[in-house]
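S.K.: Model the following, please.
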Amino acid sequence: MYTDSHCHITCDELYPDLDKVLERMSEVSRVMIVCTNETEYLRALAIRRRDPERFRIAFGFYPGDADEVTKERLAFLDNALASGHVDVLGEIGLDYHWPTPARQVQKDLFSTQLEMAARYGLPVEIHMRDASQDTLMMLREKARTPIIFHCFSGSPEVMQEALKLNSLISFAGPVTFKNAKHGPECVKACPPDRILTETDSPYLAPVPMRGKRNEPAYVMYTEQKIAGLKDMDELELAAQIQANFDRLFRAPESADSGQTL
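M.R.: Residues are numbered from 1 along each chain as shown. Purely as a prediction, here's the structure:
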């Protein structure tokens, strides 16, 4: 019923409790396992084999780790993409919140991974923090496949620019917070056929689980909040979000279909 388009269930914090985490997420029918390193990716392969319709794998190098991405690691990623076991290249992008890694190092890695996504025809899942202008500019120049803006936290104006890229906007736990700055306004302005939901677990647990370790089962609270903000029936919204997610993986209508969703 529910869709978690971005969770880190193979990270070291959640993976030791994997069986219990999977048991509690019985109502989550679509899951994107996001892997930011080689170990997480290898763990995700085994999970996806259990139920390939339910689980998808995203793998890519996070901008905060740009200083640690060697040629050898990029070769590992390239081999993983070539294997056909990766569904989305992500999370990738730019993060200017901290002074390091250097912005140019992040841009170079982002550019390389966007080129890889285009080569293999894979959607990209974008991390964009305090770097909206540069991220959007690079996507306009280099993105050739569908785009997901993960854990969107920008302003409604930035969201409108993102939507011009024919992207999907993924909302996480912060839209449920009492001090949410832009989230509720963005939810109201986002067309239902462009919305995804996520947990970003183990981070950012939604109300009423705020402060706890997050996990995919809690995505229901985010979907419930979005349904209320949009004055939609919860089951109707859940079906729409799942359809939005599944649309990412249908065969393109033509080789030059670009970012069409």
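
S.K.: which phi and psi does the closest residue to residue 7 other than its chain neighbours have?
M.R.: Of all residues not flanking residue 7 in the chain, residue 201 sits nearest, at 4.6 Å (CB to CB, 6 or more residues apart in numbering). C-beta coordinates here come from the backbone N, C-alpha and C atoms, glycine included. When read as degrees, to the nearest 10, the backbone of residue 201 gives phi -60, psi 140.

S.K.: Hmm, residue 209 and residue 201 touching each other?
M.R.: No - Residue 201 lies out of contact with residue 209 (CB atoms under 8 Å); the separation is 10.2 Å.

S.K.: count of neighbours near the residue nearest to residue 7?
M.R.: 27 (other CB atoms under 10 Å).

S.K.: Then residue 46?
M.R.: Applying other CB under 10 Å, we find 10 residues neighbouring residue 46.

S.K.: what separates it from residue 77, distance-wise?
M.R.: 19 Å (CB to CB, to the nearest Å).

S.K.: same thing with residue 16?
M.R.: Counting by CB to CB - residue 16 and residue 77 are separated by 25 Å.

S.K.: Same question for residue 218.
M.R.: Counting by CB to CB - residue 218 and residue 77 are separated by 29 Å.

S.K.: So between those two, which is more surrounded?
M.R.: residue 218 (27 against 20).

S.K.: Let me know how buried the nearest residue to the more buried one once chain neighbours are set aside is, in neighbour terms.
M.R.: Of all residues not flanking residue 218 in the chain, residue 209 sits nearest, at 5.1 Å (CB to CB, 6+ apart). Other residues within reach of residue 209, judged by other CB under 10 Å, total 16.

S.K.: next one: residue 189
M.R.: Residue 189 has 15 nearby residues by other CB under 10 Å.

S.K.: so how far is residue 167 from it?
M.R.: Residue 189 is 14 Å from residue 167, by CB to CB.

S.K.: same thing with residue 32?
M.R.: For residue 32 relative to residue 167 (CB to CB), the value is 15 Å.

S.K.: Compare neighbour counts for those two and give me the winner.
M.R.: When residue 32 and residue 167 are compared for neighbours, residue 32 comes out ahead with 27 against 24, by other CB under 10 Å.
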